[in-house]
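[1] Dropping a prediction and its sequence here:
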Amino acid sequence: MTMQEIHTLGYICKAYEISISELGKKLHKTKGAISQMADKLEKKGLIVRKKSDANPKLVLLVPTEAGRKTDFIHRAYDREAVLATLNTLSQHFTPDEIEAYYKVMKAHTQIHLNKTKA
């Protein structure tokens, strides 16, 4: 799986049911890009499309059991990777320096996201 696929799957699993439009807004992607990604995830058996009970015209993306398992494994992998990174950083930097770094990176990410919204 690509990084985009696994992270898209993660958003779908977190929401459990989400429309293509909603997911596009969260990921700052077009509906077309999300639709193509949904096709790939659906072909891999990780999600299904279903009509909304409240609005039959609305199609929702829903994770399958295989999709939820894949997301769980990926989240565990991410936790291990973050812990390993923090352990390595703590050998060279103080907790305050590490916290400052993450604060800067969070601001940097927000700046980037705001530019892509325009």
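    Received, thanks.

[2] Residue for residue, what is the longest helix the chain has?
    For the chain, the helix with the greatest residue count under DSSP state H is helix 65-90.

[3] Please name every helix or strand in contact with it.
    Under the contact criterion of 3 or more CB pairs under 8 Å, 6 or more residues apart in numbering; DSSP states H and E, helix 65-90 touches helix 3-15, helix 95-117. C-beta: built from backbone N, CA, C; applies to glycine.

[4] what is the orientation angle of the shortest one with helix 65-90?
    Direction vectors for helix 3-15 and helix 65-90, defined by axes from the mean of the first three to the mean of the last three CA atoms, to 10 degrees, enclose an angle of 110 degrees.

[5] which residues are contacting helix 3-15?
    Applying CB atoms under 8 Å, 6 or more residues apart in numbering, the contact partners of helix 3-15 are 1, 18, 22-23, 26-27, 34, 37-38, 40-41, 44, 46-47, 61-63, 67-68, 70-71, 74-75.

[6] Helix, strand, or coil at residue 60?
    strand (DSSP: H, G, I helix; E, B strand; the rest coil).

[7] From residue 53, how far out is it?
    9 Å (CB to CB, to the nearest Å).

[8] Would you mind listing where the protein has pLDDT under the threshold?
    116-118 (pLDDT under 70).
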